[in-house]
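K.L.:
task: produce atomic coordinates for the following.
(one chain, ligands or ions: 1)
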Amino acid sequence: MKFENKDIFIAGGGSGIGLALAGRFLAKGSRVTVFDRTLDQTRLQPLLDRAGDRLRTVKLDVTDEKRVVSEFKKQAGRSSPDLIVNSVGVVSAVDFMNLGLEEFDRVVRVNLYGSRNVARAAGTILQPGSRLALVASLAGIVGSYGYAAYASSKFAVVGLAQVLRMEWKPRGIGVSVICPPEVETPMVDYERSIRPAVVGALKAFAGTLTVDEAVTGIMSGLEREKFLIIPGFRAKFTHLLSSYLADSLQHRIADGIVKKALQGR
Ligand SMILES: NC(=O)c1ccc[n+]([C@@H]2O[C@H](COP(=O)([O-])OP(=O)(O)OC[C@H]3O[C@@H](n4cnc5c(N)ncnc54)[C@H](OP(=O)(O)O)[C@@H]3O)[C@@H](O)[C@H]2O)c1
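P.N.:
Here you go, the predicted structure:
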């Protein structure tokens, strides 16, 4: 799919990866509707200045299913979207025994139920030839230290995307799941302020991308209509290792990194 002159919805388009994707689609001449819980004007204003009425913004919490369905229907009234991206997400990075049920619930509610609600709303408005893309994470393919809530939610998003791909193919609707490694966004700024050092040590294996690098990889995968999109060479390599290396060897590599990081703290 080429992204010139298309209609695109981006949930979570008010920050980070979603915002950068919105900028790329607008630069290609598409019309973008951003749905986000906060709609931070300092982040969105430069895009609004450049894009004018090709950019619409809608305040929306994706955990509210009824509102997601009604807002998507309302915004699709003018023209049905060619692509819907869900880039909403929240992170938690803490040892499992320090992870309370409330925090686990918050992360799963936004990441998994939010993806579910966006997919549900997308399923009511997408037409043949269009596509849904759910942003999961490399942590949705390879579990990692400190990510009990985050990885659980993202593994589930990957599972949801696999089911939707199969169910919607006969309807002519494509599905992608995007699994980036660490990307320099406000989410990661926050995560670095709270995470145990061992989380960073393990993530270094798969590398860190600038938001521009990540979005270039994501755009290329979407243009080629790929199902699994993993931006970044090191992240692709990590996925390859996790798919083809025996568990024993994978565990030895990961356990070695964890042991070294724990000794250093
Ligand atoms: N950055 C990374 O290293 C990385 C790596 C792999 C995957 N991802 C995934 O990529 C996606 C985008 O992450 P990002 O790094 O771009 O994060 P970000 O900069 O924090 O952007 C996420 C956006 O989602 C919004 N949001 C949070 N909860 C919401 C809700 N309930 N309803 C509507 N909007 C909500 C946030 O609003 P607030 O500002 O109000 O929270 C924010 O605008 C997420 O799914 C994340 O898990 C990120």
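K.L.:
surely residue 154 and residue 135 touch.
P.N.:
No - the pair residue 154 / residue 135 is not scored as a contact, 9.2 Å apart, by Cβ atoms under 8 Å. C-beta coordinates here come from the backbone N, C-alpha and C atoms, glycine included.
K.L.:
so residue 32, which of the three states?
P.N.:
Following DSSP: H, G, I helix; E, B strand; the rest coil, we place residue 32 in the strand state.
K.L.:
I'd guessed it sits against residue 53; true?
P.N.:
No - using Cβ under 8 Å, residue 32 is not in contact with residue 53, being 11.0 Å away.
K.L.:
tell me which of these two has more neighbours.
P.N.:
residue 32 (26 against 7; other Cβ atoms under 10 Å).
K.L.:
ok, what's across the strand from the more buried one?
P.N.:
With DSSP bridges as the criterion, residue 32 is bridged to residue 8, residue 55.
K.L.:
report the contact partners of it.
P.N.:
For residue 32, the contact set (Cβ atoms under 8 Å, 6 or more residues apart in numbering) comprises 8-10, 13, 22, 25-26, 51, 54-56.
K.L.:
go with 7 Å
P.N.:
Shown in contact with residue 32 (Cβ atoms under 7 Å, 6 or more residues apart in numbering): 8, 10, 22, 25-26, 54-55.
K.L.:
repeat for residue 186
P.N.:
Counting by Cβ under 7 Å, 6+ apart, residue 186 has contacts 15-16.
K.L.:
that one and the ligand: what is the separation?
P.N.:
With distances taken as Cβ to the nearest ligand atom, to the nearest Å, residue 186 is found 4 Å from the ligand.
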